[in-house]
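Colleague: next input, structure requested:
(one chain, ligands or ions: 2)
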Amino acid sequence: MLGDNQEPQHYYVGVDVGTGSVRAALVDQGGVLLAFADQPIKRWEPQFNHHEQSSEDIWAACCVVTKKVVQGIDSNQIRGIGFDATCSLVVLDKQFHPLPVNHEGDSHRNIIMWLDHRAVSQVQRINETKHKVLQYVGGVMSVEMQAPKLLWLKEKLRETCWNKAGHFFDLPDFLSWKATGVTARSLCSLVCKWTYSAEDGWDDSFWKMIGLEDLVADNYSKIGNQVLPPGASLGNGLTPEAAKDLGLPAGIAVAASLIDAHAGGLGVIGADVRGHSLACEGQPVTSRLAVICGTSSCHMGISQGPIFVPGVWGPYFSAMIPGFWLNEGGQSVTGGLLDHMVQGHAAFPELQARATARCQSVYAYLNSHLDLIKKAQPVGFLTVDLHVWPDFHGNRSPLADLTLKGMVTGLKLSQDLDDLAILYLATVQAIAFGTRLIVEAMEAAGHSISTLFLCGGLSKNPLFVQMHADITGMPVVLSREVESVLVGAAILGACASGDFTSVQTSFLQQTCGIDGPTLINRKLRYQDSMKLLTWVSWVASRRQWQE
Ligand SMILES: Nc1ncnc2c1ncn2[C@@H]1O[C@H](COP(=O)(O)OP(=O)(O)O)[C@@H](O)[C@H]1O
Ligand SMILES: O=C(CO)[C@H](O)[C@H](O)COP(=O)(O)O
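Modeller: Numbers count the residues shown, from 1 in each chain. Ligands and ions are numbered 1, 2, ... in the order given. A predicted model of the protein is given here:
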């Protein structure tokens, strides 16, 4: 029961749609996460580099997890809901029904996923235009953005998809439409993936130059001509139909969404770090780099003015934190690469059996196995002659080259569990070196970064976190709340509810306190510098060879 002076408790729901699963959380007005649920989602790869999903499957998963987290809660106390999602392309017809994005005509598969690389020829032609909008995506458009995918649909599926399409949504905007019936797009998705400018709006000449003039003729109604800042309240809130689906009251506030990496950035970048003797204490928030590590890793750095970093997406105005410019570095597969390397190894069945016997995840088992095999030797020595080049799915940043492939040097004939553990370590190190290259490119262009703030599934892996500290030489901060991406989504809902005036004044500060033990040793240790020297000379020789 509430005491006389006690305010009634308010709750917010955050929903995060990642590549592999959908998660939801119930968060209170102090930013504390009270309930969590997750649910896997389907994914199809009908041919190499084509990756598809289903918007109906994803919405159904959102409903399952939301119903779970609000169970037992008085629905009158739930004030708002926010969504974030991967920046995948959802295609619907004029009546909002799913349209196929594949040659098979399977309309269930109506999403071209963010990591889909089918539009290679289209993105090459877009980049050849050297249009000025490309300055705002790091100088080179990525095949993972929406314009090349739209062009692919027009060129390859004109009859079955393009001519019938009524609505192309970024997945975060699809979810807010599904919840409210409002087709307004978030500034975040349009600026980051669709070449929209927060200051100047759409650039007609770009769309005409790349052969998508029909979108202009239609006044952009298919891709968005009403744009709202993330966290803005949409329409009349949750529709009765969506409310029934989600198990929430109709009419509660629904926020304009964020892309998942941006929700993670919002969830961690404002952390209150006082009292931990960190370099960033007393420094501006622009000295922090949020690194959101899931299937991919995204490196989010903000600045007061625009900074143009070759090969790093942006600068994007107000796309993550209102009033700040954003640069977004990225590695297209990180968690996805670790899963690929580990699951594809001959010793994987043995690893799985041993991890299951100990009730551990395969990664926890591998980390303890590395502790055993390194014995008195420092961990960096284990990989002095084994190197991984991690661009198995091209290089997003800073080389911005989708044609790059992965590589492993130093392999032997043996394929036992020790070899698997060492290959896994070398892969983690290669990913961390990738982050270092991105940080160096951002700093060379004018960013001044002193501290990394990690979140996402990979931040639960202590080896991954430690290697990022060792290899970048920077302290790594982890939020007390592990599910920071969901906190970011809930911040949107809190903002839309009107209980807070902006995303900055929501419970950002309270939420992102840090734990003592999560502060990571910032010193490069000797063993790691051994690896550093060999890797850096290997990278240098590989670059020479490419040139
Ligand atoms: N407890 C854990 N320990 C180690 N790695 C983990 C753990 N949980 C998740 N991961 C890694 O994180 C990745 C998934 O992260 P997640 O944020 O859930 O991804 P997504 O948002 O892309 O669905 C997996 O590829 C896996 O490698
Ligand atoms: O490009 C993106 C963000 O800008 C993708 O949405 C993101 O990389 C995919 O996220 P995750 O790896 O967590 O599933």
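
Colleague: residues in contact with Thr501?
Modeller: Cys495 (CB atoms under 8 Å, 6 or more residues apart in numbering). C-beta coordinates here come from the backbone N, C-alpha and C atoms, glycine included.

Colleague: let's see it at 7 Å
Modeller: The contact partners of Thr501, taken as CB atoms under 7 Å, 6 or more residues apart in numbering, number zero.

Colleague: assign it to helix, strand or coil.
Modeller: coil (DSSP: H, G, I helix; E, B strand; the rest coil).

Colleague: is stretch 396-415 anywhere near ligand 2?
Modeller: No - Stretch 396-415 lies out of reach of ligand 2 by CB under 6 Å from any ligand atom, never closer than 7.9 Å.

Colleague: for that stretch, list the C-alpha coordinates in CSV.
Modeller: Taking Å, rounded to 0.1, in the frame of the first residue of the first chain, the C-alpha atoms of stretch 396-415 are listed here in CSV:
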residue,chain,number,x,y,z
ARG,A,396,32.0,-1.7,-42.3
SER,A,397,34.5,0.7,-40.6
PRO,A,398,37.0,2.3,-41.1
LEU,A,399,37.9,0.6,-44.4
ALA,A,400,34.3,0.7,-45.7
ASP,A,401,35.0,-2.2,-48.1
LEU,A,402,32.3,-4.8,-48.4
THR,A,403,34.5,-7.0,-50.6
LEU,A,404,37.0,-7.8,-47.8
LYS,A,405,36.9,-11.4,-46.6
GLY,A,406,38.1,-13.1,-43.4
MET,A,407,41.4,-14.8,-42.9
VAL,A,408,43.2,-17.0,-40.4
THR,A,409,47.0,-17.5,-40.4
GLY,A,410,49.0,-19.8,-38.3
LEU,A,411,46.8,-22.9,-38.4
LYS,A,412,48.2,-26.4,-37.6
LEU,A,413,47.0,-29.9,-38.4
SER,A,414,45.6,-30.5,-34.9
GLN,A,415,41.9,-29.5,-34.2
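
Colleague: list the buried residues in that stretch.
Modeller: Buried positions in stretch 396-415, judged by neighbour count with 16 or more other CB atoms under 10 Å: Arg396, Ser397, Pro398, Leu399, Ala400, Leu402, Leu404, Gly406.

Colleague: quick one: which helix or strand includes the second one?
Modeller: Counting by DSSP states H and E, Ser397 is held by no secondary-structure element, helix or strand.

Colleague: any idea how far the residue nearest the centre of the chain is from ligand 2?
Modeller: The centroid of the chain falls nearest to Ala261 when counting by CA atoms, centre = their mean (3.2 Å). As for Ala261, its distance to ligand 2 is 4 Å (criterion: CB to the nearest ligand atom, to the nearest Å).

Colleague: dump the residue contacts of that residue.
Modeller: Ile292, Cys298, Met300, Glu328.

Colleague: now do Leu289
Modeller: Per CB under 7 Å, 6+ apart, neighbours of Leu289: His299, Met300, Gly301, Val439, Ile449, Leu452.

Colleague: which one (most neighbours) among the residues you listed?
Modeller: Counting by other CB atoms under 10 Å, Gly301 has the largest number of neighbours within these, with 31 neighbours.

Colleague: is there any residue in the helix or strand hosting that one that contacts ligand 1?
Modeller: Per DSSP H and E, Gly301 falls inside strand 297-303. No - using CB under 6 Å from any ligand atom, strand 297-303 never reaches ligand 1; the gap is at least 9.9 Å.

Colleague: please save the CA atoms from that strand in CSV.
Modeller: C-alpha atoms of strand 297-303 as CSV (Å, rounded to 0.1, in the frame of the first residue of the first chain):
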residue,chain,number,x,y,z
SER,A,297,29.3,-4.2,-32.9
CYS,A,298,28.4,-0.5,-33.3
HIS,A,299,30.7,2.3,-32.0
MET,A,300,28.7,5.4,-31.2
GLY,A,301,30.6,8.7,-30.5
ILE,A,302,28.9,12.1,-30.2
SER,A,303,30.2,15.6,-30.7
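
Colleague: so for that strand, mean pLDDT?
Modeller: If you average the pLDDT over strand 297-303, you get 98.

Colleague: can you tell if it touches ligand 2?
Modeller: Yes - between strand 297-303 and ligand 2, judged by CB under 6 Å from any ligand atom, the touching residues are Cys298.

Colleague: three-state assignment of Thr435?
Modeller: helix.

Colleague: list the contacts of it.
Modeller: With CB under 7 Å, 6+ apart, Thr435 has these contacts: Val291, Ser297, His299, His468, Thr472.

Colleague: swap in Cys455?
Modeller: By CB under 7 Å, 6+ apart, Cys455 lies in contact with Gly264, Gly267, Val268, Ile292, Ser479, Ser484, Val485.

Colleague: dump those residues into TSV; add neighbour count, pLDDT and secondary structure as well.
Modeller: Putting the contacts of Cys455 into TSV (neighbours: other CB atoms under 10 Å; pLDDT from 0 to 100; DSSP: H, G, I helix; E, B strand; the rest coil) gives the following:
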residue	neighbour count	pLDDT	secondary structure
Gly264	34	95	helix
Gly267	32	88	helix
Val268	31	89	helix
Ile292	30	97	strand
Ser479	22	85	strand
Ser484	30	90	helix
Val485	29	94	helix
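
Colleague: ok, the nearest residue to Leu417 once chain neighbours are set aside - contacts?
Modeller: Among residues not flanking Leu417 along the chain, Ala347 sits closest, at 4.7 Å (CB to CB, 6 or more residues apart in numbering). Counting by CB under 7 Å, 6+ apart, Ala347 touches Gln415, Asp416, Leu417, Asp419, Leu420.

Colleague: select only the buried ones of those in PyMOL?
Modeller: Selection of the buried residues among those in PyMOL, burial being defined by 16+ other CB under 10 Å:
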select buried, resi 417+419+420
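
Colleague: His276: which of the contacts of Ala347 is nearest?
Modeller: Closest approach between these and His276, by CB to CB: Leu420, at 36.0 Å.

Colleague: so how far is Gly344 from the closest one?
Modeller: 10 Å (CB to CB, to the nearest Å).

Colleague: what do you get for Ala426?
Modeller: According to CB to CB, Ala426 stands 14 Å off from Gly344.

Colleague: neighbour-wise, which of the two wins?
Modeller: Applying other CB under 10 Å to Ala426 and Gly344 shows that Ala426 carries more neighbours, namely 24 against 9.

Colleague: got a list of what that one touches?
Modeller: Residues counted as contacts of Ala426 (CB under 7 Å, 6+ apart) are Thr383, Leu386, His387, Val388.

Colleague: what's the answer for Gly457, then?
Modeller: Shown in contact with Gly457 (CB under 7 Å, 6+ apart): Cys293, Gly294, Gly335.
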